[in-house]
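**Student:** What would the 3D arrangement of this be:
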Amino acid sequence: MRFNNKFDLNLLVALDHLLHLRSVSGAAARMNVTQSAMSNALLRLRNYFDDELLVKIGRKMELTPRAEALKDSIRDLLVRVDWTIASTSEFDPAQSDRCFKILASDYTMATLVPALLARCEAAAPGIRFDFLQQVQAPERALERGDVDLLIIPREFSSKLHPSEVIVEEDFCAIAWSKGKFARGKLSRSDYTKASHVVMRPAIATQSLETRYLEQGGVTRNEAISTYAFTAIPHLVVGTNRIATLHRRLAKLAQRSLPIRIIELPVSLPIMQQCVQWHRYRSNDAGLIWLRDTMRAAALELR
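**Tutor:** Prediction:
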């Protein structure tokens with residue numbers, strides 16, 4: 001394989017920072033070089049691509065159409081090179097101090113993660129975790145190398161990267177144990193007329209149970225919305241509102257809050273929670289070990 005000898009491959013990193021930060025000073029700080037050195041790199045890049053790449057519009061720097069077209073491809077290339085160099089065929093969990101970055105919802109943080117950490121405490125006491133909250137387009141965080149793994153519902157996973165189901169979960173209704181729905185069954189009419197507490201996720205316009213309900217022709221009266229599943233039981237207590245929640249999370253909340261778990265009057269699909277990784281990292285020994293450990297931790301939840 002021959003590379004174009006007119007292009008200095010060292011400029012690729014500078015180009016990546018310039019395109020994502022849209023700032024010469026910001027890119028210089030990120031690479032720990034002077035601003036004049038980064039300005040010189042930008043000049044060389046402009047000459048090579050015969051394009052301005054970054055142009056000043058008002059007080060901001062914006063990307064040209066050519067730069068926009070390059071942005072994701074350059075990041076993808078650098079991430080792949082970095083993972084190729086960093087990946088090893090061996091991983092010793094007992095000796096490793098590796099930090100794994102995982103994007104997960106607060107539902108996962110309250111249910112699966114404690115079991116995962118307990119297993120890691122015994123088998124890999126030196127490893128570290130950086131858990132990140134859900135974001136729009138989570139697959140882009142994976143592709144940029146911002147995270148090692150995603151833990152998300154199967155419906156929100158990307159078809160471009162491998163994944164596997166590690167947790168299955170059903171839904172139930174919850175209500176304050178001293179409120180209007182303290183006793184008896186919950187009819188479909190009761191359910192649709194009641195005021196609901198709902199969660200609006202960052203990764204989609206609607207939560208998974210909302211999608212399931214609408215597919216079944218059920219519309220809720222959404223009185224209160226929140227950004228966290230774990231907040232929902234607290235917002236039900238002391239009111240006549242109800243909510244639809246993952247059963248495991250409802251049982252956890254029931255240990256400390258006066259709530260009642262009620263069977264839903266409608267049938268919803270079982271949620272399949274997946275772990276997803278970048279297709280370039282299928283042979284990463286550390287991630288293989290972590291996925292195996294997650295799988296074992298998930299079995300403890302059943």
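**Student:** what about the spatially closest residue to Leu186 that is not a sequence neighbour, distance to Ala173?
**Tutor:** Among residues not flanking Leu186 along the chain, Ile262 sits closest, at 4.8 Å (C-beta to C-beta, 6 or more residues apart in numbering). Placement of C-beta: from N, CA and C, glycine included. Separation of Ile262 from Ala173 (C-beta to C-beta, to the nearest Å): 4 Å.
**Student:** Compare the two (neighbour count), which wins?
**Tutor:** Neighbour count, other C-beta atoms under 10 Å: between Ile262 and Ala173, Ala173 has more, with 23 against 20.
**Student:** So which bits of stretch 286-300 are buried?
**Tutor:** 286-287, 289-291, 293-294, 297-298 (16 or more other C-beta atoms under 10 Å).
**Student:** hmm, who's touching it?
**Tutor:** If you take C-beta atoms under 8 Å, 6 or more residues apart in numbering as the criterion, stretch 286-300 is touched by 91, 93, 96, 98, 100, 112, 115-116, 118-120, 123, 148-149, 164, 166-167, 275, 277, 281.
**Student:** Run the chain-centre distance for it.
**Tutor:** A distance of 17 Å separates the C-alpha centroid of stretch 286-300 from that of its chain, computed with C-alpha atoms, centre = their mean, to the nearest Å.
**Student:** what mean pLDDT does that stretch have?
**Tutor:** For stretch 286-300, mean pLDDT rounds to 96.
**Student:** do stretch 90-101 as well
**Tutor:** On average, stretch 90-101 scores 94.
**Student:** can I get the CA coordinates of it in CSV?
**Tutor:** These are the backbone C-alpha positions of stretch 90-101, laid out as CSV (Å, rounded to 0.1, in the frame of the first residue of the first chain):
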residue,chain,number,x,y,z
GLU,A,90,-4.6,-10.4,26.1
PHE,A,91,-6.3,-8.9,29.1
ASP,A,92,-5.6,-9.7,32.7
PRO,A,93,-8.5,-8.3,34.8
ALA,A,94,-6.7,-8.9,38.0
GLN,A,95,-3.8,-6.6,37.0
SER,A,96,-5.5,-4.1,34.8
ASP,A,97,-6.2,-0.5,35.7
ARG,A,98,-8.1,0.2,32.5
CYS,A,99,-11.0,2.7,32.5
PHE,A,100,-14.1,1.6,30.6
LYS,A,101,-16.5,4.3,29.4
